[in-house]
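Trainee: Next comes the sequence, and after it the predicted model I'd like to discuss.
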Amino acid sequence: MSDSGVIRRLDSSSPGVLLGVREAGEASSPPLLFLHGFPLHGAMWAPQVAAFSSEWRTIAPDARGAGASDVGTGQYTMELLVDDLFAVLDQVAHDEPVVAVGLSMGGYILLRALEREPQRFRGVVLCDTRSAADGRAGKLARAIGIRRIEQEGLEPFVDDFLEAVLAPGTRAKRPESWSGLKRMMMENSPIGVRGQLLAMASRVDTGRVLGSISQPSLVVNGSEDRLTRPAAGKAMAAKIPNAVFSMVEGAGHLSSVEAPVEFNRILGRYLQHIR
């Protein structure tokens, strides 16, 4: 992965816990926030930072327990991760609304943040994510993941996760993407990964907020996403007033990493509209 910005360590919503925040671009440029997927960190957005930091001030926080962020207690809720996001925005964006891009877990955080404090956002991009909370099977799968990491360590979980989230054939066709993603995932604390699994299992359904999103919105899905299928992305976009749905052909659940050129073309067109 290429350089994804200068990392600062900023206050979280908890005393003594610091969060790594990657920033690039001019301080006078409008802020563009990137919220990473699970179990990655902010460096996953390196292709987007490289593409857009000449016109935008890019901000890519590491969620609690990921990347350069402190682990804290390891007992996370989605509300805590949203509190952390607001703490970051207070320090880097102040009162200026941001255009926010959230992928997978980052989309969960963004949707709940929109429900709580919509005035903080001037644009919304939801990538390979959904508003529905985990059902019974999903919650049990999170619990199994937590137990597996405790018993076997992080690497077996990461290997199986990559097989599930990437488009079929990605490992053979683009081994450098596979190895880069695995390296990034393995940089995270196992305690932090378990905490994020716990937070995702505890999240509430945010479907009620979709109809009230007034910001210009874009929903993006990888065409080969087996976790959040394109039909689910289209259905979510249909509930957001004036949202646009776009497909990243050939990409799986991590569309911004698997097909960065096409993803950036779609995002760039949206950002031109915002500007």
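Mentor: Sure thing, it's come through. Numbers count the residues shown, from 1 in each chain.
Trainee: Next, count neighbours for A231.
Mentor: Using other Cβ atoms under 10 Å, A231 has 9 other residues around it. In short, each C-beta sits where N, CA and C put it, glycine included.
Trainee: Need the per-residue pLDDT for it.
Mentor: For A231, the pLDDT comes out at 96.
Trainee: What helix or strand is it located in?
Mentor: According to DSSP states H and E, A231 maps onto helix 230-239.
Trainee: List the buried residues in that helix.
Mentor: For helix 230-239, burial by neighbour count (16 or more other Cβ atoms under 10 Å) applies to 230, 232-233, 236-237.
Trainee: and if you look at stretch 42-56?
Mentor: 42-53, 55-56.
Trainee: same check, this time on stretch 256-274
Mentor: 256-260, 262-264, 266-267, 270-271.
Trainee: same check, this time on stretch 53-68
Mentor: By neighbour count with 16+ other Cβ under 10 Å, stretch 53-68 contains the buried residues 53, 55-68.
Trainee: And stretch 199-219, by the same measure?
Mentor: In stretch 199-219, counting by 16+ other Cβ under 10 Å, buried: 199-203, 206, 209-210, 213, 215-219.
Trainee: Can you convert those residues into JSON lines and add a column each for secondary structure?
Mentor: Output for those, formatted as JSON lines (DSSP: H, G, I helix; E, B strand; the rest coil):
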{"residue": "A199", "secondary structure": "helix"}
{"residue": "M200", "secondary structure": "helix"}
{"residue": "A201", "secondary structure": "helix"}
{"residue": "S202", "secondary structure": "helix"}
{"residue": "R203", "secondary structure": "coil"}
{"residue": "T206", "secondary structure": "coil"}
{"residue": "V209", "secondary structure": "helix"}
{"residue": "L210", "secondary structure": "helix"}
{"residue": "I213", "secondary structure": "coil"}
{"residue": "Q215", "secondary structure": "coil"}
{"residue": "P216", "secondary structure": "coil"}
{"residue": "S217", "secondary structure": "strand"}
{"residue": "L218", "secondary structure": "strand"}
{"residue": "V219", "secondary structure": "strand"}
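Trainee: Of those residues, which pair is most distant in space?
Mentor: For those, the maximum inter-member distance is 31.4 Å, found between A201 and P216 (Cβ to Cβ).
Trainee: which among the buried residues of stretch 53-68 gets closest to P31?
Mentor: For the buried residues of stretch 53-68, the nearest to P31 is R57 (5.0 Å; Cβ to Cβ).
Trainee: Show the contacting residues for that closest one.
Mentor: R57 makes contact with 23-32, according to Cβ atoms under 8 Å, 6 or more residues apart in numbering.
Trainee: Can you tell me which of these lies closest to G153?
Mentor: Distances from G153 to the contacts of R57, taken by Cβ to Cβ, are shortest for E23, at 32.4 Å.
Trainee: what about P30, distance to V101?
Mentor: Going from P30 to V101 by Cβ to Cβ, to the nearest Å gives 13 Å.
Trainee: now swap in I274 and tell me
Mentor: I274 is 11 Å from V101, where distance means Cβ to Cβ.
Trainee: And for Q91?
Mentor: Noted for Q91: a distance of 19 Å to V101, by Cβ to Cβ.
Trainee: Next: R148.
Mentor: Here the criterion is Cβ to Cβ. By it, R148 lies 30 Å from V101.
Trainee: neighbour-wise, which of the two wins?
Mentor: A count of neighbours by other Cβ under 10 Å puts V101 above the other of R148 and V101, at 30 against 16.
Trainee: Skipping its backbone neighbours, what lies nearest that one in space?
Mentor: Counting by Cβ to Cβ, 6 or more residues apart in numbering, V101 lies nearest to V125, which is 4.1 Å off, once chain neighbours are set aside.
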